[in-house]
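**Q** fold the following and give me the result.
(one chain, ligands or ions: 1)
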Amino acid sequence: MNDVGSLPLSLNPDRLFASDPAQRAIARRLYGEVAHLPIVSPHGHTDPQWFAGNAPFANATELLLIPDHYVFRMLYSQGVRLDELGIARADGSRAAVDPRAAWRTFARHFHLFRGTPSSLWLNHVFHDVFDLRVRLDASTADDYYDRITAALQTAAFRPRALFERFNIEVLATTEGPEETLAHHATIRASGWPGRVITAYRPDAVIDPEHEAFPHALRRFGELTGEDVHSWAGYLNAHRQRRAFFASLGATSTDHGHVSAATADLAPEEARRLFDKVVRGQADAGEAELFRAQMLTEMAAMSVDDGLVMQIHPGVFRNHNRAVFERHGRNMGADIPLPTDYVRALRPLLDRFGDEPRLRLILFTLDESTYSRELAPLAGHYPCLFLGPAWWFHDAPESMWRFREQTLSSAGFYNTVGFNDDTRAFMSIPARHDVARRVDCAVLARLVAEHRLEEDEAAQLVVDLAYHLPKRAYRL
Ligand SMILES: [Zn+2]
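**A** Numbers count the residues shown, from 1 in each chain. Next up, the predicted model:
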């Protein structure tokens, strides 16, 4: 695959380190401490079926394009329709698109990713996982497609073999309470030692405005045998499913609410609100109040069962109505919102803020809250920790901003290391590598400015890459 005219693909060993020689030399030494550490991935969205069935991935398009909304949202923004790529529709059907044609469309548009984290990750995958040495463009599209697709048919590229090659110590997926976790049970029963765990994501049975709410609530009742139309039965159903998730390895819950609002209603008031919700009579304000109350109920259950709570607020989901109607959720049309934490979290923190058994990890898509709200909160309340720069902010620049804005109030040890939060399995080593390199660069600067000794930085960088996520997520 050395077509005349094709451009070389290389990964510079100093990428993401400072160009200043003193800082770069320190960053290189720090990176030597973490480059080969196992990957701890406590939050993500890979498909447990991959590891249960261990079937080969079908082709380059199914593996690298279809599951990755970071990629197809950029193509969509430049006029490529999701049907041209063969992205599934909401009803489960798919346009009849040759996967090779979809790949060519992707390759023709690959320049759109220049300078973005997607290009950092994808080029890392092409270079390190598939051994490709020329760049992806229209002229190399077919060679890429053939080489990747052929590799995927070999034993070394089966999901479990890749999991081992990527040196993943633990990988969390995310499931809803209405799901059976059959794939997780299969993985456990198979005798394969790979540690794939689940996380409890109850949005579909907590958010009355979620389009799946009525169906999910019905399944929730069927799976638990509880009367989920009564407040007490509904709460019992949560307790039961949380215990079941924990039995399949879950150590955390995750809550993707529009806002970080919490509430602490009197029990009778909460019951009355719930009755309105299940009768379909809650207005928008009552739906928000119910989600808010449920965060506090989830915190109460976490105090009992030890599941670490994550709140991922601040996204206007499915902003493009036509795309949502045609293709459903997670189509790259989610847009960040301004988010308040100080007032929003007060009801929950009034009740549980000093509770030593509660661990609550906060994320944001509103960077203005880091230095003003989140770092001071996490730098005070023992239960609060800061999740890493997330989603729209998992680029190197945003990771720098995260450290710069949180270090003074929260330090490093109120943060929880890195989450790849990805559906794109192949990109997991690339994403962790970027996070490790950025932390090395940040620490190298502190060392070069004599704000930190290099031996302290060498310990810190290992903590950030490995020990903090394990401790924060009780792994
Ligand atoms: Zn996530």
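
**Q** show me the shaky parts of the chain.
**A** 1-5 (pLDDT under 70).

**Q** kindly recompute the last result at 50.
**A** Scanning the chain for pLDDT under 50 picks out 1-2.

**Q** tell me which residue is most central in the chain.
**A** Asp421 (1.6 Å; CA atoms, centre = their mean).

**Q** what's the one helix or strand His432 maps to packed up against?
**A** Element membership for His432 (DSSP states H and E) is helix 428-448. Judged by 3 or more CB pairs under 8 Å, 6 or more residues apart in numbering; DSSP states H and E, the packing partners of helix 428-448 are helix 21-34, strand 39-41, helix 117-124, helix 396-410, helix 454-462. The way it works is simple: take the backbone N, C-alpha and C, and place the C-beta from them, glycine included.

**Q** tell me which of these sits most buried.
**A** Highest mean neighbour count of the helices and strands packed on helix 428-448: strand 39-41, a mean of 24 (counted as mean count of other CB atoms under 10 Å).

**Q** which SS class is Phe418?
**A** For Phe418, the assignment made with DSSP: H, G, I helix; E, B strand; the rest coil gives coil.

**Q** can you pull the contacts of Ala204?
**A** Taking CB atoms under 8 Å, 6 or more residues apart in numbering, we find Ala204 in contact with 176-178, 210, 212-213, 216.

**Q** swap in Ala430?
**A** Ala430 makes contact with 120-122, 124-125, 128 under the criterion CB under 8 Å, 6+ apart.

**Q** can you tell me the closest non-neighbouring residue to it?
**A** For Ala430, ignoring the flanking residues on the chain, the nearest one in space by CB to CB, 6 or more residues apart in numbering is His124 at 3.6 Å.

**Q** burial count for Ala182?
**A** Per other CB atoms under 10 Å, the neighbour tally for Ala182 reads 11.

**Q** do Glu268 as well
**A** 9.

**Q** can you give me the strands for this protein?
**A** Using DSSP state E, the strands of the chain run over 39-41, 168-172, 196-197, 252-255, 308-311, 315-316, 335-336, 360-362, 384-386.

**Q** what sits up against the fifth one?
**A** Which is strand 308-311. So strand 308-311 is contacted by 43, 199, 251-255, 257, 260, 295, 298-299, 302, 358-363, 387, 472-474 (CB under 8 Å, 6+ apart).

**Q** the first one too?
**A** Among residues not part of strand 39-41, those counted as contacts by CB under 8 Å, 6+ apart are 166-172, 417, 419-420, 428-429, 432, 466, 469-470, 475.

**Q** dump the residue contacts of Tyr473.
**A** 42-43, 172, 251-252, 308, 416.

**Q** kindly report the same for Arg15.
**A** 120, 437.

**Q** re earlier: in CSV, list the strands of the chain along with distance to Ala204.
**A** Below are those laid out as CSV (distance: least, CB to CB, whole Å):
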stretch, distance to Ala204
strand 39-41, 23
strand 168-172, 18
strand 196-197, 20
strand 252-255, 12
strand 308-311, 16
strand 315-316, 16
strand 335-336, 21
strand 360-362, 21
strand 384-386, 26
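
**Q** what's the closest of those strands to Ser10?
**A** When these are compared by CB to CB, strand 39-41 sits nearest Ser10, at 23.4 Å.

**Q** adjacent strands (with direction) for that closest one?
**A** strand 168-172 (parallel) (DSSP bridges).

**Q** quick one: buried residues of the strand it pairs with?
**A** For strand 168-172, burial by neighbour count (16 or more other CB atoms under 10 Å) applies to 168, 170-172.

**Q** do the same with stretch 125-137
**A** 125-127, 129-130, 132, 134-137.

**Q** do the same with stretch 192-202
**A** Per 16+ other CB under 10 Å, stretch 192-202 contains these buried residues: 192, 194-202.

**Q** next: stretch 99-107.
**A** Buried residues in stretch 99-107 (16+ other CB under 10 Å): 99-100, 102-107.

**Q** nearest to Leu349, of those?
**A** Nearest to Leu349 among those is Phe106, at 45.5 Å by CB to CB.

**Q** that closest one contacts Asp68, correct?
**A** No. Phe106 lies out of contact with Asp68 (CB atoms under 8 Å); the separation is 10.1 Å.

**Q** how near is the residue nearest to the centre of the chain to Trp391?
**A** 6 Å (CB to CB, to the nearest Å).

**Q** burial count for Tyr381?
**A** 18.

**Q** no no, Ala284
**A** 9.

**Q** which one is it nearest to, not counting chain neighbours?
**A** Among residues not flanking Ala284 along the chain, Glu209 sits closest, at 7.4 Å (CB to CB, 6+ apart).

**Q** all helices of the stretch 251-400 of the chain, in order?
**A** 267-278, 284-305, 321-327, 346-352, 369, 375-378, 396-410 (DSSP state H, counting those that start in this stretch).

**Q** ok, back up a step: okay if I get the buried residues of strand 168-172 as JSON lines plus distance to His450?
**A** Formatted as JSON lines, those follow (distance: CB to CB, whole Å):
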{"residue": "Ile168", "distance to His450": "37"}
{"residue": "Val170", "distance to His450": "37"}
{"residue": "Leu171", "distance to His450": "39"}
{"residue": "Ala172", "distance to His450": "39"}
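
**Q** closest one of those residues to Val323?
**A** The closest of the buried residues of strand 168-172 to Val323 turns out to be Ala172 (CB to CB; 28.1 Å).

**Q** distance check, Asp83 against Ser368.
**A** 37 Å.

**Q** neighbour-wise, which of these two wins?
**A** Using other CB under 10 Å as the criterion, Asp83 and Ser368 rank with Asp83 on top: 15 against 11.

**Q** wait, isn't that one in contact with Ala96?
**A** No. Counting by CB under 8 Å, Asp83 stays clear of Ala96, with 9.5 Å between them.

**Q** which of the contacts of Tyr473 count as buried?
**A** Neighbour-count burial (16+ other CB under 10 Å) is assigned, among those, to 42-43, 172, 251-252, 308, 416.

**Q** follow-up on the earlier one: just give me the neighbour total for the residue nearest to Ala284.
**A** 13.

**Q** what of Leu65?
**A** Counted with other CB under 10 Å, Leu65 comes out at 21.

**Q** nearest spatial neighbour of it, skipping sequence neighbours?
**A** In this structure, Leu65 finds its nearest non-sequential neighbour in Phe106, 5.4 Å apart by CB to CB, 6+ apart.
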